[in-house]
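K.L.:
Below is the sequence, then the predicted model.
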Amino acid sequence: MSDDGIENVLVRDLERFVKNEAFMWGNNVAKSYFEPVEAYAESQWDFVQRFLNPHSINYTSTLELGFGHGRFSEKLANLSKTLVMADVNPENILFCTNRFKGKPWKILLNNGFDLRDISTESITFLFFFEVAVHLDLEIILSYIKEFGRILTPGAFGFVHHSNVANNPGADFRTHPHWRNFMSKEIFAHLCIHNGLDIVDQYLFDQGGPQADCFSLLRKPQ
């Protein structure tokens, strides 16, 4: 098989995973998810900041990946000079375009597995909260490769992902809270093998006993 053929197979598989997993969080869950979690935004933000505060985060050019209805966007914008927002769901793009009308932020529709519209070494901090917990390992690996490209040397990336590694191959919707197959160790392995350092990791119980993990990665200087 030619290199082009291999690439086409990989892209086709990623597109299939995105189609199966990434479009469940749009207007259809506005009442059941997006509106209720707004009430917890402050406490969730404080929780994330307690994890991040020991580290010298440079928020100057921040990417918020998978922003949903934008409950953290104002907070990230207040810390940064440039905020870039990317989401796979066109409904979320429209919602946040209206919600943040007049804001000088860049809102991008991406394909759910790469960040081709973001320039190489242009992002000083990546924020990816409460989305990767549902994503297939292959999507996360594709994003990790992109993180290595878009982050500036020394920049940090924050990813909230699953720590559920039982029942491999199962539909993630059969797991409690729809946590997909991933673990603290697998995530670290994928980062290290793609040239990124793991600075800190923290397990907690949001999706079940130690079913969630905060990981802080960094691109070497």
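P.N.:
Arrived safely. Residues are numbered from 1 along each chain as shown.

K.L.:
Next, count neighbours for the spatially closest residue to K184 that is not a sequence neighbour.
P.N.:
Distance criterion C-beta to C-beta, 6 or more residues apart in numbering; nearest residue to K184, sequence neighbours excluded, is C213 at 4.8 Å. Using the backbone N, CA and C atoms, a C-beta is placed for each residue, glycine as well. The local packing of C213 (other C-beta atoms under 10 Å) involves 25 other residues.

K.L.:
Correct me if wrong: C213 contacts L203.
P.N.:
Yes - C213 is within contact range of L203, at 5.3 Å (criterion: C-beta atoms under 8 Å).

K.L.:
Between these two, which contacts overlap?
P.N.:
Residues touching both C213 and L203 comprise N163, K184, with contact defined as C-beta atoms under 8 Å, 6 or more residues apart in numbering.

K.L.:
Which element is encountered next along the chain beyond the longest helix along the chain?
P.N.:
In terms of residue count, the longest helix belonging to the chain (DSSP state H) is helix 3-21. Next along the chain after helix 3-21, taking DSSP states H and E as the criterion, comes helix 35-38.

K.L.:
how far does the helix or strand following that next one sit from the chain's center?
P.N.:
For helix 35-38, the succeeding helix or strand toward the C-terminus, using DSSP H and E, is helix 41-52. Relative to its chain's centre, helix 41-52 lies at 16 Å (C-alpha atoms, centre = their mean, to the nearest Å).

K.L.:
Show me what helix 41-52 packs onto, helices and strands only.
P.N.:
strand 151-162, strand 212-218 (3 or more C-beta pairs under 8 Å, 6 or more residues apart in numbering; DSSP states H and E).

K.L.:
which residues touch it?
P.N.:
When contacts are defined by C-beta under 8 Å, 6+ apart, helix 41-52 is touched by residues V37, R71, F72, K75, F129, F158, D200, Y202, F214, L216.

K.L.:
okay but the fifth one is in contact with S73, surely?
P.N.:
Looking back up the chat, that one is F129. No - the criterion here is C-beta under 8 Å, and F129 misses it with S73 at 11.2 Å.

K.L.:
With F113 as the reference, measure out to A22.
P.N.:
Separation of A22 from F113 (C-beta to C-beta, to the nearest Å) stands at 9 Å.

K.L.:
Also H161?
P.N.:
Distance, H161 to F113, using C-beta to C-beta: 15 Å.

K.L.:
Share the number of residues neighbouring Y202, please.
P.N.:
14.

K.L.:
Surely it is within a helix?
P.N.:
No - assigned with DSSP: H, G, I helix; E, B strand; the rest coil, Y202 falls outside any helix and is strand.

K.L.:
That one pairs with what?
P.N.:
F214 (DSSP bridges).

K.L.:
begin at 27 from here
P.N.:
Sounds good: first residue 27 from here, last item Y228.
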